[in-house]
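Asker: Everything below, folded, please.
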Amino acid sequence: MKTRLSFRSALAALTLGASVALTPMAHAAEQVLESIHFLIPGGAGGGWDGTARGTGEALTKSGIVGSASYENMSGGGGGKAIAYLIENADSNQDTLMVNSTPIVIRSLTKVFPQNFRDLTMVAGTIGDYAALVVPKDSEFKSFSDVVAAFKKNPRDVAVGGGSVPGGMDHLVAAMAFQAAGENPVAVKYVPYDAGGKAMAALLAGEIKMLSTGFSEAVGLAQAGEVRILAVTAPERQKVAPDAPTLKEQGYDVEFVNWRGFFGPPGLPEAKRQQYIKALKMMYDTPEWEAVRARNGWVNIFNPGDDFTAFLTEQGKVVGDLMRKLGFL
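Answerer: This is a model prediction of the structure:
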C-alpha cells in the first residue's frame, strides 16, 4: 500500500517558497571582498564540503572575492565547528561556515546545545535534492526492490548516510519507506562522518543503500560506480536523466535540503552586508552557473532576516514531522 506523504507544504515548499527573486547587480568583475575563509563542519567529499568549495570557486574565478581558503572541522555532528566559531568569534570575522537543514534537525534532537540563533545569519544559497543510491552491481534495480527486501526483513537492508541517527539522511530514508507503507522506525540506519565516508562504505559493501545529497551522487553515477535508485525531486534532473524520482515510482515524496552560510556571533552589520552582496552577485555569473549545473543544485537566496524567518518556520515544520516519524 502506498501512503501519501506530501512535502511541498512542508520542507520543499518552505525552501523554495522562501527564496527571493534574484535581480542582476553590478558586473561580477567588481571585487567585494579581498578574501573569505570557509569553515566546513564535516569531512572532505560531503555536501557541505562541495558547497563551500563550489561557492569559493565561483566567487574567486568571477573576481567577486580575491581569494578563498577552506578548513574541514569534523566532529559532534557539526557541533565542533559551530562551537569553535562561537568561541573564537572575534578572530573569525573573515570566516563563513557552511551548513544546511541538519543544523535545525540536530538542534531539535540535542546533538549539540547550540542553534542557528547563536550565529550571524548571512544567507541561504542553494537547494540540493536527496538521492537513494546503490552500488552499480547491486541486486536492487529499483526502490520497489528495496521495499520488497525490507518487507521480508528490515534488518537485511542496512541504509547508510553522512549524518547522525535521526539526522537528515536518516530522515529522508524514513520518509521513503513510510511512503511505501512501511514502519520508518524499523529502518536499520548506519551513520558516517559526512557523505564521502558514507559513499566509501557503500562501495565497500558495508551498507546496502546510501541516503545522500543528489549532488554527491551525480559524479560517481556518471562514472558508472553507483546507480541512483531514486531522487526526491519533483521531476528528473538534466544532470542525471537516468535517475528516476520517487514520485514516478509511486512513492509520493519530495524533499530539498537548503544550504547556506553563517558568520560568527557579533559580526558587524557592514561585514554581513558585504557577504550578502558578494553572494547575490555570484548568481549572475557564468562561473556560478557552471558550478551549479554540474552539481544539480537549485538556486535559492534567503539573505539576512529572511534566512532567520525561514529557519524559524522550518524548525517548527521539521519538529512536527520528526515527532510523527518517532524521532523526537
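Asker: Could you use CA atoms for every contact and neighbour count after this?
Answerer: Fine.
Asker: Helices of the stretch 101-250 of the chain, start to end?
Answerer: 102-108, 143-152, 168-179, 194-203, 214-222 (DSSP state H, counting those that start in this stretch).
Asker: For the shortest one, C-alpha coordinates in PDB please.
Answerer: Listed in PDB are the C-alpha atoms of helix 102-108, where the atom choice follows Å, rounded to 0.1, in the frame of the first residue of the first chain:
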ATOM      1  CA  PRO A 102      20.900  19.400   9.800                       C
ATOM      2  CA  ILE A 103      21.600  22.500  11.900                       C
ATOM      3  CA  VAL A 104      17.900  22.600  12.600                       C
ATOM      4  CA  ILE A 105      17.500  18.800  13.000                       C
ATOM      5  CA  ARG A 106      20.500  18.400  15.300                       C
ATOM      6  CA  SER A 107      19.400  21.300  17.500                       C
ATOM      7  CA  LEU A 108      16.000  19.700  17.900                       C
END
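Asker: which other helices and strands contact the top helix by length along the chain?
Answerer: Assignment by DSSP state H gives helix 304-325 as the longest helix of the chain. In terms of contacts (3 or more Cα pairs under 8 Å, 6 or more residues apart in numbering; DSSP states H and E), helix 304-325 is packed against helix 11-17, helix 102-108, strand 120-135.
Asker: from the ones you listed, which stretch is densest packed?
Answerer: strand 120-135 (a mean of 26; mean count of other Cα atoms under 10 Å).
Asker: Could you tell me which strands sit next to it in the sheet, and their orientation?
Answerer: Strand pairing for strand 120-135, using DSSP bridges, gives strand 209-213 (antiparallel), strand 226-231 (antiparallel), strand 256-263 (antiparallel), strand 298-303 (antiparallel).
Asker: Deepest in the core, which of the ones you listed is it.
Answerer: strand 209-213 (a mean of 30).
Asker: Which residues does that strand contact?
Answerer: 47, 128-135, 157-162, 169-170, 172-173, 195, 198-199, 202 (Cα atoms under 8 Å, 6 or more residues apart in numbering).
Asker: Check whether residue 267 sits in a helix, strand or coil.
Answerer: What DSSP: H, G, I helix; E, B strand; the rest coil gives for residue 267 is coil.
Asker: and the helices of the stretch 101-250 of the chain as TSV, adding mean pLDDT and distance to residue 328?
Answerer: Output for the helices of the stretch 101-250 of the chain, formatted as TSV (pLDDT from 0 to 100; distance: least, Cα to Cα, whole Å):
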stretch	mean pLDDT	distance to residue 328
helix 102-108	86	8
helix 143-152	97	23
helix 168-179	90	12
helix 194-203	85	22
helix 214-222	87	26
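Asker: Indicate which one of the ones you listed is closest to residue 292.
Answerer: Residue 292 sits nearest to helix 214-222 of all the helices of the stretch 101-250 of the chain, at 9.5 Å, using Cα to Cα.
Asker: Distance from the chain centre to the closest one, please.
Answerer: 14 Å (Cα atoms, centre = their mean, to the nearest Å).
Asker: Name the residues that touch stretch 114-122?
Answerer: Contacts for stretch 114-122 (Cα under 8 Å, 6+ apart): 79, 82-83, 86, 103-104, 107, 260-267, 272, 275-276, 303-305, 307-308.
Asker: Sorry, wrong one. I was asking about stretch 43-58.
Answerer: The contact list for stretch 43-58 (Cα under 8 Å, 6+ apart) reads 36, 38, 40-42, 68-70, 72-74, 98-100, 162, 193-197, 213, 215-216, 259, 282, 285, 287-288, 291.
Asker: again, 7 Å this time
Answerer: Applying Cα atoms under 7 Å, 6 or more residues apart in numbering, the external contacts of stretch 43-58 come out as 38, 40, 42, 68, 72-74, 98-99, 193-196, 213, 216, 282, 287-288, 291.
Asker: now do stretch 269-283
Answerer: 25, 28, 32, 58, 59, 64, 122, 123, 288, 303.
Asker: JSON lines for these, including pLDDT?
Answerer: Listed next are the contacts of stretch 269-283 as JSON lines, based on pLDDT from 0 to 100:
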{"residue": "25", "pLDDT": "44"}
{"residue": "28", "pLDDT": "44"}
{"residue": "32", "pLDDT": "96"}
{"residue": "58", "pLDDT": "98"}
{"residue": "59", "pLDDT": "98"}
{"residue": "64", "pLDDT": "97"}
{"residue": "122", "pLDDT": "97"}
{"residue": "123", "pLDDT": "97"}
{"residue": "288", "pLDDT": "97"}
{"residue": "303", "pLDDT": "96"}
